[in-house]
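[1] Below: sequence and its predicted model.
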Amino acid sequence: MKIAIASDHGGYQLKEEIKKYLEGRNIEVVDLGTNSEESVDYPIYGKACGEAVMSGKADRGIVCCGTGIGISIAANKVKGIRCALCTDVHMAEMSRKHNDSNVLSLGGRTTPVDKALEIVGAWLDTEFEGGRHQRRVDMLNA
């Protein structure tokens, strides 16, 4: 599996921790920036991650900003992206099971690192259930 990861300055530290976690699971990481805590505009990075997933450069993506809200909105502007802002493991599991989310969003200033890594693990390990949920995902993609 290959994961694209991107953040703005508010999510930079969390992005770096997630990268280490993913690499520890032998998951290839495509780091799309940013590369410091210097102020940048989150829409650039949310879009870049969404485009990396839709182009096939990555299988899924993870985005981080201060709250995860702005960058998730930016990622979701890319056609075909289903970015879910998750604040706990249950949300991460359901975003995969029922919504086939292909990008996960987290808040670098709102989610402690240990909790964020649990969320990432659950999101990576949960499969889409398909079935009755496929019709709804198709509607999202239309």
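    Structure's in. What do you need?
[2] alpha carbons only for contacts and neighbour counts from here, please
    Will do.
[3] pretty sure residue 81 is touching residue 52, no?
    No - using C-alpha atoms under 8 Å, residue 81 is not in contact with residue 52, being 10.3 Å away.
[4] quick one, which of those two is more surrounded?
    residue 81 (24 against 19; other C-alpha atoms under 10 Å).
[5] need the contact list for that one.
    Applying C-alpha atoms under 8 Å, 6 or more residues apart in numbering, we find residue 81 in contact with 50, 53, 54, 75, 101, 102, 103.
[6] can you tell me which of those are in helices?
    Judged by DSSP state H, the contacts of residue 81 include 50, 53, 54, 75 as members of helices.
[7] Just give me the neighbour total for the third one.
    Spelled out, that is residue 54. 18.
[8] Report the contact partners of it.
    80, 81.
[9] Check the gap between it and residue 99 for me.
    In this structure, residue 54 and residue 99 are 16 Å apart, going by C-alpha to C-alpha, to the nearest Å.
[10] Then the last one?
    According to C-alpha to C-alpha, residue 75 stands 15 Å off from residue 99.
[11] So these two - more neighbours on which side?
    The neighbour count for residue 75 versus residue 99, taken as other C-alpha under 10 Å, is higher for residue 75 (30 against 21).
[12] Could you find the closest non-adjacent residue to that one?
    Leaving aside its chain neighbours, residue 75 sits nearest to residue 46 (4.4 Å; criterion: C-alpha to C-alpha, 6 or more residues apart in numbering).
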